[in-house]
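S.K.: Provided below for reference: sequence and predicted model.
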Amino acid sequence: MAPPIYSALIISLGLGTTMTFASTHWYLAWMGIEINTLAIIPLMSHNHTPRATEATTKYFFAQATASATLLFAGISNAFLTGEWDILQTPNTLTSTLITLALAMKIGLAPLHSWMPEVMQGLSLLTGLILSTWQKLAPLYLIYQIQPNSPNIFVTLGILSIIVGGWGGFNQVQLRKILAYSSIAHLGWMVLILSFSPTLALLTIVIYLLMTFSLFSSFMLTRATHINSLSTSWTKIPILTISTPLILLSLGGLPPLTGFMPKWLILQELTKQDLAPLATLVALSSLFSLYFYLRLSYAMALTMPPNNPTATLPWRINPQHNTPLMALTTTSTICLLPLTPAIMALLSS
């Protein structure tokens, strides 16, 4: 892809999301999401492989369906209320349609089936964009919608946590595992959104840090299959230490950063007299923890056959520019002691 075209697409990605953030009008918000979608489609298919083309086609149909539903719901809301203001969605039917359309946009269960298949056909860099930047605009609109009953958010959240954990059980392709991990973490965000938007924002920020760190680690080793993780120590030995810690942080184990949002969410659910729901969510997160531990085992506790092909990479000193990865990895591992300061900052 020519550099000017690539730059124009990246700028369009930023422009679409920024337009959605800045809009208070449903039509402008829809336009921002569409600009964002149309900008990423060429990035997804630029490899020109059958698998990438298939993934791009699936992504286009899923996003087109969600966009049509969102536009229909916005027009219906304008017809019923006489306003296009995003905050004016008092009708239960239109707010439910908008929520489901946005849930399909980001891949929340039970509207998630396109997400693993699309991720499998993408490069790791494009998959990183799909798992992080592409979620921001729909999540912002979901944040703006505050329905009278939080039941739909609770239902979507629980289903996503269960499906995201259960779906990654028998996967060996890293990109599919990352897709199910994304679904599970989105479930945590949506679950707490009705009760504490501040915690939802904290969860999003920490999810972005952890996901960027993990994708960066896999991009450095060019790992796309679980079996390729065992050779990572011969390429960049320090990743044998840092990547399992990132995975355990994604699983929510203390004393790592990923424990912070999960513990605070469970605490908030308990304060809301939803102890059974908190128990169900905590038990469901064990599914995700299983495949994180599986990846950690494959990377840190297994070794490839000792042959010249396997030992060659560590004889070469690779030059990687990784300051941003080092910063995000450190944040992914070490931010838990700063929890009181972070919560005070978000509450102010």
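M.R.: Perfect, I can see it now.

S.K.: low-confidence ranges in the stretch 51-200 of the chain?
M.R.: Across the stretch 51-200 of the chain, the ranges flagged by pLDDT under 70 are 146-148.

S.K.: and the strands in it?
M.R.: Remark: strands of the stretch 51-200 of the chain are absent; assignment by DSSP state E, counting those that start in this stretch.

S.K.: quick one, helices of it?
M.R.: Secondary structure of the stretch 51-200 of the chain by DSSP state H, counting those that start in this stretch: the helices cover 92-106, 114-120, 124-131, 133-144, 151-167, 174-193, 197-221.

S.K.: report all helices and strands that the last one contacts.
M.R.: Pointing back at helix 197-221 there. When contacts are defined as 3 or more C-beta pairs under 8 Å, 6 or more residues apart in numbering; DSSP states H and E, helix 197-221 packs onto helix 124-131, helix 133-144, helix 174-193, helix 232-235, helix 239-251, helix 259-271, helix 323-334, helix 339-347. Any C-beta I mention is one placed from the backbone N, CA and C, and that applies to glycine too.

S.K.: pick the most buried one from those helices.
M.R.: helix 174-193 (a mean of 26; mean count of other C-beta atoms under 10 Å).

S.K.: ok so, going back, need the helices of the stretch 51-200 of the chain in JSON lines with distance to Ser76, can you?
M.R.: Supplementary listing: the helices of the stretch 51-200 of the chain in JSON lines, determined by distance: least, C-beta to C-beta, whole Å:
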{"stretch": "helix 92-106", "distance to Ser76": "5"}
{"stretch": "helix 114-120", "distance to Ser76": "25"}
{"stretch": "helix 124-131", "distance to Ser76": "29"}
{"stretch": "helix 133-144", "distance to Ser76": "16"}
{"stretch": "helix 151-167", "distance to Ser76": "17"}
{"stretch": "helix 174-193", "distance to Ser76": "23"}
{"stretch": "helix 197-221", "distance to Ser76": "26"}
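
S.K.: about what we covered before: need the helices and strands packed on helix 197-221 in a markdown table with distance to Met104, can you?
M.R.: Output for the helices and strands packed on helix 197-221, formatted as a markdown table (distance: least, C-beta to C-beta, whole Å):
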| stretch | distance to Met104 |
| --- | --- |
| helix 124-131 | 14 |
| helix 133-144 | 9 |
| helix 174-193 | 12 |
| helix 232-235 | 35 |
| helix 239-251 | 24 |
| helix 259-271 | 23 |
| helix 323-334 | 29 |
| helix 339-347 | 29 |
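
S.K.: for His225, find the nearest of these.
M.R.: helix 174-193 (6.5 Å; C-beta to C-beta).

S.K.: list the contacts of Leu139.
M.R.: Taking C-beta atoms under 8 Å, 6 or more residues apart in numbering as the criterion, Leu139 is in contact with Leu102, Ile106, Met189, Ile204.

S.K.: distance check, the third one against Thr203.
M.R.: Looking back up the chat, that one is Met189. Between Met189 and Thr203 the computed distance is 5 Å (C-beta to C-beta, to the nearest Å).

S.K.: joint contacts of these two?
M.R.: With C-beta under 8 Å, 6+ apart, Met189 and Thr203 have no common neighbours.

S.K.: re earlier: how about the helices and strands packed on helix 197-221, which one is nearest Ile75?
M.R.: Per C-beta to C-beta, nearest to Ile75 of these: helix 133-144, 15.5 Å.

S.K.: just how off-centre is that closest one within its chain?
M.R.: Remark: helix 133-144 is offset 11 Å from the chain centroid, using C-alpha atoms, centre = their mean, to the nearest Å.

S.K.: can I get it in PDB? Just the C-alpha atoms.
M.R.: C-alpha atoms of helix 133-144 as PDB (Å, rounded to 0.1, in the frame of the first residue of the first chain):
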ATOM      1  CA  TRP A 133      -9.300   1.800  18.500                       C
ATOM      2  CA  GLN A 134     -12.400   0.400  16.800                       C
ATOM      3  CA  LYS A 135     -14.100  -0.200  20.100                       C
ATOM      4  CA  LEU A 136     -13.900   3.400  21.400                       C
ATOM      5  CA  ALA A 137     -16.600   5.200  19.300                       C
ATOM      6  CA  PRO A 138     -19.300   2.500  19.900                       C
ATOM      7  CA  LEU A 139     -18.400   2.300  23.600                       C
ATOM      8  CA  TYR A 140     -18.700   6.100  23.900                       C
ATOM      9  CA  LEU A 141     -22.300   5.900  22.400                       C
ATOM     10  CA  ILE A 142     -23.200   3.100  24.800                       C
ATOM     11  CA  TYR A 143     -21.900   5.200  27.600                       C
ATOM     12  CA  GLN A 144     -24.200   8.100  26.500                       C
END
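
S.K.: tell me the angle that helix makes with helix 174-193.
M.R.: Going by axes from the mean of the first three to the mean of the last three C-alpha atoms, to 10 degrees, helix 133-144 is angled at 20 degrees with respect to helix 174-193.

S.K.: and the angle for helix 133-144 with helix 197-221?
M.R.: On the basis of the same axes, to 10 degrees, helix 133-144 is oriented at 170 degrees to helix 197-221.

S.K.: re the thing from before, just the buried ones from the contacts of Leu139?
M.R.: Buried by 16 or more other C-beta atoms under 10 Å: Leu102, Ile106, Met189, Ile204, out of the contacts of Leu139.
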